[in-house]
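S.K.: dropping a prediction and its sequence here:
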Amino acid sequence: MSDKASTTGNEAFAVFPEQPPAELVRFLDIGGYKWVGSNHSSTILEQTGVDGDEWSGAIVAAADNPDEAWRFCRELRKRDSPIEPLLVVISGTQLADLQSRSDLFDDFVITPFHPDEVEARIQHLLWQSGRGARPELVIYGPLTLNVETYQAVLENRPLDLTFMEYELLKFLATSPGQVFNRETLLNRVWGYEYFGGARTVDVHVRRLRAKMGQEHASLITTVRGVGYKLGHSRWQAT
């Protein structure tokens, strides 16, 4: 899937620091987000968003200068009408610090991050705050598929899928536990006019398993002599 972010409106974000990390700037610019970088919360609080738009939230890059970043978060939270939601970008070594600062942020992402993950977290925060529409999701266990953005996430790890890999995974995930033979999958996923052979299905399943990783490859099961299924039926007895 493309790493291009998508946005549902004219969201304007306050960003710390004044010169954010290059990967964060790239995400914001490609996604079409309006943003203002600042090292001082007072500068942000005196403004009304960007181009007159209300602030949609704040994004704080805390990996390089955590003390100043958390101070920035604290000052944003102190105002009578705080800027929210607030997403922090941290390093993996900072995870232990989050529990004592849970009141200073709404969600976090670990750098280096995948743009699709940041996009999904921002859109979820906007939906929670009433600013965005709730995306249509297909969820099975650790797997989440966003039908609107063609994004797939496995235990918070974005999967880089081709269009047909995504379509095959979505089709299987919408009917967990149901077994489909190769001919049915060709017809339903690729279309009746597709002239490829059954090997096409096998190749795509193999690629999906590889991208899901050894720990989760077994989500897609081969039913010998029949075809494939994803997971177990919700009606299966335990």
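M.R.: Here it is on my side, so go on.
S.K.: and the helices in this structure?
M.R.: Along the chain, the segments classed as helices by DSSP state H run 22-31, 41-46, 66-78, 115-128, 163-173, 182-185, 199-212.
S.K.: lowest average pLDDT across those helices?
M.R.: Among those, helix 41-46 has the lowest mean pLDDT, at a mean of 80.
S.K.: neighbouring contacts of that helix?
M.R.: The contact list for helix 41-46 (CB atoms under 8 Å, 6 or more residues apart in numbering) reads A14, V36, S38, W55, A58, F72, E75, L76, R79, I83. Using the backbone N, CA and C atoms, a C-beta is placed for each residue, glycine as well.
S.K.: what sits against G141?
M.R.: Taking CB under 8 Å, 6+ apart, we find G141 in contact with L219, G231.
S.K.: what about the closest residue to H204 other than its chain neighbours, how many residues close to it?
M.R.: Spatially, and ignoring its direct neighbours in sequence, H204 is nearest to L168 (5.3 Å; CB to CB, 6 or more residues apart in numbering). Number of residues near L168 (other CB atoms under 10 Å) recorded here: 26.
S.K.: do the same with E119
M.R.: Around E119 there are 23 other residues, counting by other CB under 10 Å.
S.K.: show me how this protein divides into domains.
M.R.: Per automatic domain parsing, the domain ranges recorded for the chain read 12-128, 138-230.
S.K.: what about A12, distance to Y228?
M.R.: Here A12 is placed at a distance of 45 Å from Y228 (CB to CB, to the nearest Å).
S.K.: just to revisit the earlier point, mind putting the contacts of helix 41-46 into a markdown table with distance to V138?
M.R.: As requested, the contacts of helix 41-46 are arranged in a markdown table below (distance: CB to CB, whole Å):
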| residue | distance to V138 |
| --- | --- |
| A14 | 33 |
| V36 | 36 |
| S38 | 39 |
| W55 | 32 |
| A58 | 30 |
| F72 | 37 |
| E75 | 40 |
| L76 | 35 |
| R79 | 39 |
| I83 | 33 |
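S.K.: list the contacts of L154.
M.R.: P142, L143, T144, M212, G213, H216.
S.K.: one more time with 6 Å
M.R.: P142, L143, M212, H216 (CB atoms under 6 Å, 6 or more residues apart in numbering).
S.K.: distance to T149 for the helices of the chain - can I get that in CSV?
M.R.: Listed next are the helices of the chain as CSV, based on distance: least, CB to CB, whole Å:
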stretch, distance to T149
helix 22-31, 11
helix 41-46, 29
helix 66-78, 28
helix 115-128, 7
helix 163-173, 10
helix 182-185, 23
helix 199-212, 18
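S.K.: sorry, back to before: among the contacts of helix 41-46, which two are most distant?
M.R.: Spatially, the most separated pair among the contacts of helix 41-46 is V36 and R79, at 16.4 Å (CB to CB).
S.K.: dump stretch 57-72 to PDB, restricted to CA.
M.R.: Once non-C-alpha atoms are left out, stretch 57-72 reads as follows in PDB (Å, rounded to 0.1, in the frame of the first residue of the first chain):
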ATOM      1  CA  GLY A  57      -5.200  18.900  18.200                       C
ATOM      2  CA  ALA A  58      -1.500  18.800  18.900                       C
ATOM      3  CA  ILE A  59       1.300  16.500  17.900                       C
ATOM      4  CA  VAL A  60       4.400  16.500  20.100                       C
ATOM      5  CA  ALA A  61       7.700  14.900  19.000                       C
ATOM      6  CA  ALA A  62       9.200  13.900  22.400                       C
ATOM      7  CA  ALA A  63      12.000  11.600  21.300                       C
ATOM      8  CA  ASP A  64      14.800  14.200  21.000                       C
ATOM      9  CA  ASN A  65      14.000  16.600  23.800                       C
ATOM     10  CA  PRO A  66      11.600  14.800  26.200                       C
ATOM     11  CA  ASP A  67      11.800  17.300  29.100                       C
ATOM     12  CA  GLU A  68      10.800  20.200  26.900                       C
ATOM     13  CA  ALA A  69       8.200  18.100  25.000                       C
ATOM     14  CA  TRP A  70       6.400  17.100  28.200                       C
ATOM     15  CA  ARG A  71       6.500  20.600  29.500                       C
ATOM     16  CA  PHE A  72       4.800  21.700  26.300                       C
END
